[in-house]
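In: this is a predicted model, with the sequence first.
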Amino acid sequence: YTSDGCGVCNDDEAEACVETAAGANREPSHQCFKWNLGITVDKKWKQSGAVEDCWTSTKKCSLPKDRSKEAGYTSDGCGVCNDDEAEACVETAAGANREPSHQCFKWTWNTVDKKWKQSGAVEDCWTSTKKCSLPKDRSKEAGYTSDGCGVCKTAEKDACVESEEKMNVDRRP
């Protein structure tokens, strides 16, 4: 390899040289799963099998909000969502833009009503256990620190109840 990193590769360097866009021949800033619209009949967004290198200043990743809809998402997985795809795109930390592992109801503390509030619908989760959780006492903020995805943490064992996927719902009238 004899090129200085600027311009095109010399003809005799085909095996050792790779041409890149201007400024792209530097170390990657982070890694993300790449997303592309499958060329199969189902026209669904497909995730790459492994994380790939990215070069963005944000060190963020993205993925299509609805992997069955072709329209709206225009990114490839590297970087933040474009302004014109806000309704179809989800931003994540580096390496976290993968297919969700399962779905659970999410739980947040409502500071006005002073109680735990359940999300209106199940939401995506990314945990290895495929379990859900919910606060044992919906009127006590202390003790429960999870969001509904995954098993109860050791520190919240007295304030948390575990459930199967999509079953962490408040069944009280």
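Out: Okay, I see it. Residues are numbered from 1 along each chain as shown.
In: spatially, what comes nearest to Val51 if we skip its sequence neighbours?
Out: Leaving out its chain neighbours, the residue that sits closest to Val51 by CB to CB, 6 or more residues apart in numbering is Gln31, at 3.9 Å. In this view, the C-beta of every residue, glycine as well, is placed from N, C-alpha and C.
In: I misspoke; the intended subject was Lys130.
Out: Take Lys130 and drop its neighbours on the chain: the residue closest to it by CB to CB, 6+ apart is His102, 4.5 Å away.
In: that neighbour contacts Ser128, correct?
Out: No: in this structure, His102 is not within contact of Ser128 by CB atoms under 8 Å, at 10.2 Å.
In: shared neighbours of these two, which are they?
Out: Common neighbours of His102 and Ser128, counting by CB atoms under 8 Å, 6 or more residues apart in numbering, are absent.
In: for the two, indicate the residue with more neighbours.
Out: Using other CB atoms under 10 Å as the criterion, His102 and Ser128 rank with His102 on top: 18 against 8.
In: any idea how far Val161 is from the spatially most central residue of the chain?
Out: Geometric centre of the chain, nearest residue: Asn97, 3.3 Å, by CA atoms, centre = their mean. Per CB to CB, to the nearest Å, Asn97 is found 30 Å from Val161.
In: hang on, the earlier thing: is the residue nearest to the centre of the chain located within a strand, as I assumed?
Out: No: looking at Asn97 with DSSP: H, G, I helix; E, B strand; the rest coil, it is coil, so not inside a strand.
In: for the closest residue to it other than its chain neighbours, give me its contacts.
Out: Closest residue in space to Asn97, ignoring its immediate chain neighbours: Cys61 at 3.7 Å, by CB to CB, 6+ apart. Under the criterion of CB under 8 Å, 6+ apart, the contact list for Cys61 reads 30, 32-33, 54, 77-79, 91-97.
In: would you check that Lys140 makes contact with Cys160?
Out: No: if you go by CB under 8 Å, Lys140 and Cys160 don't touch, sitting 11.4 Å apart.
In: quick one: which of these two has more around it?
Out: Each of Lys140 and Cys160 has its neighbours counted (other CB under 10 Å); Cys160 has more, 20 against 14.
In: how many neighbours does the nearest residue to that one once chain neighbours are set aside have?
Out: Distance criterion CB to CB, 6+ apart; nearest residue to Cys160, sequence neighbours excluded, is Cys152 at 3.5 Å. The burial count assigned to Cys152 is 21, neighbours taken as other CB under 10 Å.
In: perfect, that will be all.
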